[in-house]
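Peer 1: sequence and predicted structure, then a few things I'm wondering about:
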Amino acid sequence: MTTTNAEPDDGDDGKEVEPDSALVTARRQLERAAAHVDVDDGVIERLKHPTRVQRVAVPLERDDGSVEVFTGYRSQHDDVRGPYKGGLRFHPAVDAEECIGLSMWMTWKCAVMDLPFGGGKGGVAVEPKDLSTDEKERLTRRFAEELRDVVGPKKDVPAPDMGTDAQTMAWFMDAYSMQEGETIPGVVTGKPPVVGGSEGREEAPGRSVAIIAREAADYYDYDLDETTVAVQGYGSVGANAARLLDDWGADVVAVSDVNGAIYDPDGLDTRSVPTHEEEPEAVMTHDAPEKLSNEEVLELDVDVLIPAAVGNVITADNAGDVQADVVVEGANGPTTFAADAILEENDVAVVPDILANAGGVTVSYFEWLQDINRRQWSLERVHDELETEMLRAWNAVREEVEARDTSWRDAAYVVALSRIAEAKSTRGLWP
Ligand code: NAD
């Protein structure tokens, strides 16, 4: 699995060292943030360790009658502020360490958004493309059963992630509800609206990226009508962000998918460029004045760059070539630790993933509220409340940037860590 902020680099002995795992990076970011705030060492020590990591065997009867056993995980990092929250992924490289690191990120992400959740992450080490729909359903149901004791609307609320989707969450919710003897939609989020999902959940991460990009442009005194934007990755996050920014007047001059990028210095009509969902990997079929490589998109002379495809695309090798003034992280961990330092040195502002793409978990929170209250919100209400929450989080982080003269990433971690540490100190250590 691609790890966030992982980057092969050369050790002193000249040999290439292994990339850092998500866990190593998450701990490093925790220590970095801790240096900025006055937090008890004991609290930091506690946050380096997940509360619990569940490892389960998930037997699956294949369509041909044979039985295969997969391994599933659920890491629950910290719940001082509320139930654990985070995705379940189906991916061959899922392992305990990755889940722990990603669950730590979810703790920070929920805290920076001031949501009453802690961090969780899990999944099954399986290649979902090798499963039929029936097999995927059976695997999901059995996994739900294996996790039943540790999940629940008040304990731990999973959501879709790589290789899982709204249908997977519906199966998970059904399996859990059947065993509990009542319909409990709040056990997972990211469900289809017909079974308690929220309107606007799918587009929420892209919408939050657009809102944060708009605020960042305003902060750096750009008129949005004259702001140029390049977006790497035209999937759920990238396309929704690009289209909203286009609607709001920005010039989206380049977008890309895995095959490459299209570029129009006068601005693309983003609504006519097919998204990954509408027509997979079809960006390059769209007529545009210029075609570029994915690497070139990252180096375009634009005001705002939005990497929204995969992790680790801005590295020590290309960070020096980034010409954008502001990078808004749409993907999780698109900037490596080493690249971050180079961008900071070059005065490129990087607004971090834990703030920018947090619209997804925020609307998951709205979904959870709707499930508990058994009342569906309108799309308009979801949009309004998301806007409010994003602006609240943006302003909290902006205040730290201004007060401490620090990077956006450090400021976001300071906001998150301060909230978590305060809750931990106030609750105390039991017994
Ligand atoms: P997606 O599958 O909908 O779209 C991904 C897009 O990136 C596609 O256009 C694909 O062609 C392109 N792509 C893939 N590999 C590429 C590469 N190497 N170079 C350039 N383009 C490439 O995915 P998504 O849901 O939009 O997620 C994108 C990123 O955002 C991921 O890092 C994901 O973890 C993160 N994210 C997603 C959500 C969510 O709820 N969808 C929430 C938060 C963060």
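Peer 2: Right, received. Where do you want to start?
Peer 1: and the residue of this structure nearest the ligand?
Peer 2: Gly235 (1.6 Å; Cβ to the nearest ligand atom). Where C-beta positions appear, they are placed from N, C-alpha and C, glycine not excepted.
Peer 1: and the strands in this structure, which stretches?
Peer 2: Counting by DSSP state E, the chain has these strands, from start to end: 9-10, 16-17, 52-61, 67-78, 84-90, 118-124, 156-160, 228-232, 251-257, 260-263, 290-292, 304-307, 326-328, 349-351.
Peer 1: so which of those strands gets nearest Ser425?
Peer 2: The closest of the strands of the chain to Ser425 is strand 67-78. By Cβ to Cβ, the value is 13.5 Å.
Peer 1: check which residues of the closest one are buried.
Peer 2: Phe70, Gly72, Tyr73, Arg74, Ser75, Gln76, His77, Asp78 (16 or more other Cβ atoms under 10 Å).
Peer 1: might you report the residue contacts of the last one?
Peer 2: When contacts are counted by Cβ atoms under 8 Å, 6 or more residues apart in numbering, Asp78 is found next to Arg46, Leu47, Pro50, Thr51, Tyr84, Met104, Thr107, Gly118, Gly119, Ile420.
Peer 1: out of the residues you listed, which is nearest to Ala170?
Peer 2: Among those, and counting by Cβ to Cβ, the member closest to Ala170 is Tyr84, at 20.5 Å.
Peer 1: which bits of the stretch 151-300 of the chain sit near the ligand?
Peer 2: Within reach of the ligand by Cβ under 6 Å from any ligand atom, the stretch 151-300 of the chain has these residues: 205, 232-238, 256-258, 276, 281, 294.
Peer 1: rerun that using 8 Å as the cut-off
Peer 2: By Cβ under 8 Å from any ligand atom, the part of the stretch 151-300 of the chain that sits against the ligand consists of 160-162, 190, 202, 204-206, 232-239, 256-259, 275-277, 280-281, 283, 294, 297.
Peer 1: not counting sequence-adjacent ones, nearest residue to the residue of the chain closest to the ligand?
Peer 2: His276 (3.9 Å; Cβ to Cβ, 6 or more residues apart in numbering).
Peer 1: surely that neighbour is in contact with Ser236?
Peer 2: Yes - contact criterion Cβ atoms under 8 Å: His276 and Ser236 qualify, at 7.1 Å.
Peer 1: which residues of the stretch 151-300 of the chain fall in helices?
Peer 2: Using DSSP state H, counting those that start in this stretch, the helices assigned to the stretch 151-300 of the chain run over residues 166-180, 204-219, 236-247, 294-298.
Peer 1: possible to save the ones you listed as JSON lines with mean pLDDT and mean neighbour count?
Peer 2: As requested, those are exported to JSON lines (pLDDT from 0 to 100; neighbours: other Cβ atoms under 10 Å):
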{"stretch": "helix 166-180", "mean pLDDT": "98", "mean neighbour count": "20"}
{"stretch": "helix 204-219", "mean pLDDT": "98", "mean neighbour count": "25"}
{"stretch": "helix 236-247", "mean pLDDT": "97", "mean neighbour count": "25"}
{"stretch": "helix 294-298", "mean pLDDT": "96", "mean neighbour count": "20"}
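Peer 1: out of these, which is closest to Thr335?
Peer 2: Nearest to Thr335, of those and by Cβ to Cβ, is helix 294-298 at 10.4 Å.
Peer 1: helices and strands around the closest one, which ones?
Peer 2: For helix 294-298, the packing partners by 3 or more Cβ pairs under 8 Å, 6 or more residues apart in numbering; DSSP states H and E come out as strand 228-232, strand 251-257, strand 260-263, strand 304-307.
Peer 1: what do you get if the cut-off is 6 Å, keeping everything else the same?
Peer 2: Other helices and strands packing on helix 294-298, by 3 or more Cβ pairs under 6 Å, 6 or more residues apart in numbering; DSSP states H and E, are strand 251-257.
Peer 1: what pLDDT, on average, does the strand it packs on get?
Peer 2: Across strand 251-257, the average pLDDT comes to 97.
Peer 1: how far does that strand sit from its chain's centre?
Peer 2: Put simply, strand 251-257 sits 21 Å off its chain's centre (Cα atoms, centre = their mean, to the nearest Å).
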